[in-house]
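Asker: Sequence first, then the predicted structure:
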Amino acid sequence: MRKDVEYCSIVPFYADRMAGHILFKSLKEHNCPAIWCDGRFREFQQINGSDLSTDGLRELIQAEDNMMLIDCPSQESHHKWTMMFKTAGELGYKYCFLWGCDEVPVGSFDECIKSLPKHDPDSPRLFRLMMIERGQQGFWKDYDGPKERLFFRPDLIEVRGSHWAFYDKSFVDGYPLLSPPEAEKGLIFYHNNKVRTPERDEMMSSYQKMRVPGERQRTMDAIVATSQNKYLDVNILKDLYPYCQVLEGKTFEGKQFFKIEGKADPNILRKEYQSYVVMPLDDGGLYIRKAVINPPNRFGTNINPIEVTNPK
């Protein structure tokens, strides 16, 4: 695999050659090193009596010098994701892009990395890429918009409870890592769930209907419980940052935020107040607000958004 770039792609898959071959060709054309992680999820339907792919996609990957194949058979989805991050970190990559087999990148990996905002080189961070939908509406309603697909310092990231909840390894408990809401420049991805056969697509839909609502709810319950335990006020922030000026205000929606003027270390807050969004400012200060939590209902759509604020 290429070592002259600081990024790679990671791809989870299982018996998905029809879709995976399209992504394979795209990553090869971009000359992007890729780690492919093979293996069915624990409760996904077994195909051809094997927990690993038997459709020839494995052999295609193994024959490519710029790609690596790792096995993670019959595991929970978050264990499979964690294995990919761990492998990328061990290989020395600072960034990794996450793709599904029914997605293809369009643009420049190099330009995307170059255009990223400044960030702490010693802390993990998530970024979003723009997704454009070209498929059909399935059980999960796909929509155009920024999605978390670019990860900095994969060696410091693990996935817990759900395949969409990414954590800093150094925090045993707490709130998942949060990403800026806007999409980064230079690279987009197109999603098309029609590239699979109807039979293979139905297998995925059946698995999602059975597993995803429960795993999302378990993770969301833990997030809500954590977020209700810690609250910030001006006095706490003044104690944490005695040499900075602390300002309190409200957004146009009337929601509380804090601004710290002066050189302020964001990690002081991230370790103890993980239910807050902490955004570094260009002048060295911080912008802080309570995270918005949207518990999904059993059909996978977000209803009754909860803004966790100071209790009256």
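Answerer: Noted; the coordinates are in hand.
Asker: Sheet-wise, list the partners of whichever helix or strand Ile132 is part of with their directions.
Answerer: Element membership for Ile132 (DSSP states H and E) is strand 125-133. Strand 125-133 has its sheet partners listed here by DSSP bridges as strand 145-152 (antiparallel), strand 183-191 (parallel).
Asker: packing partners for the following helix or strand past the first one?
Answerer: In the C-terminal direction, the helix or strand that comes right after strand 145-152 (DSSP H and E) is strand 157-159. Packed against strand 157-159, as judged by 3 or more C-beta pairs under 8 Å, 6 or more residues apart in numbering; DSSP states H and E, are the following elements: helix 77-90, strand 166-168. For glycine as for every other residue, the C-beta is placed from the backbone atoms N, C-alpha and C.
Asker: which one of those has the lowest average pLDDT?
Answerer: Of all the helices and strands packed on strand 157-159, the minimum mean pLDDT falls on strand 166-168 (a mean of 89).
Asker: Just checking: what are the partner strands of that one?
Answerer: strand 157-159 (antiparallel).
Asker: quick one: buried residues of the partner strand?
Answerer: Ile157, Glu158, Val159 (16 or more other C-beta atoms under 10 Å).
Asker: The first one and Ala165 touch, don't they?
Answerer: Spelled out, it's Ile157. No - between Ile157 and Ala165 there is no contact under C-beta atoms under 8 Å: 10.9 Å.
Asker: so where do the strands sit in the stretch 201-312 of the chain?
Answerer: In the stretch 201-312 of the chain, the segments counted as strands under DSSP state E, counting those that start in this stretch are 245-250, 256-261, 276-280, 286-290, 292-293, 306-307.
Asker: Among those, which comes closest to Val106?
Answerer: Val106 sits nearest to strand 276-280 of all the strands of the stretch 201-312 of the chain, at 28.3 Å, using C-beta to C-beta.
Asker: List the residues that contact the residue positioned nearest the centre of the chain.
Answerer: Geometric centre of the chain, nearest residue: Glu148, 4.4 Å, by C-alpha atoms, centre = their mean. With contact taken as C-beta atoms under 8 Å, 6 or more residues apart in numbering, Glu148 is in contact with Leu98, Leu126, Phe127, Arg128, Trp164, Phe166, Ser179.
Asker: cool, Met203 as well?
Answerer: Per C-beta under 8 Å, 6+ apart, neighbours of Met203: Phe44, Gln45, Ile47.
Asker: what about it, distance to Phe24?
Answerer: Distance, Met203 to Phe24, using C-beta to C-beta, to the nearest Å: 20 Å.
Asker: Then Arg125?
Answerer: Taking C-beta to C-beta, one finds Arg125 at 28 Å from Phe24.
Asker: Which parts of this protein are helices?
Answerer: In the chain, the segments counted as helices under DSSP state H are 17-29, 57-62, 77-90, 109-114, 198-227, 234-240, 267-272.
Asker: burial count for Ser74?
Answerer: Close neighbours of Ser74, defined as other C-beta atoms under 10 Å, add up to 15.
Asker: Surely it and Arg40 touch.
Answerer: Yes - between Ser74 and Arg40 there is a contact at 6.2 Å, judged by C-beta under 8 Å.
Asker: Can you say which of the helices of the chain is packed in most?
Answerer: Mean neighbour count (mean count of other C-beta atoms under 10 Å) peaks for helix 77-90 among those, with a mean of 21.
Asker: residues making contact with it?
Answerer: 8, 10-12, 35, 37, 39, 41, 68, 70, 72, 75, 96, 98, 151, 153-163, 165, 211, 215.
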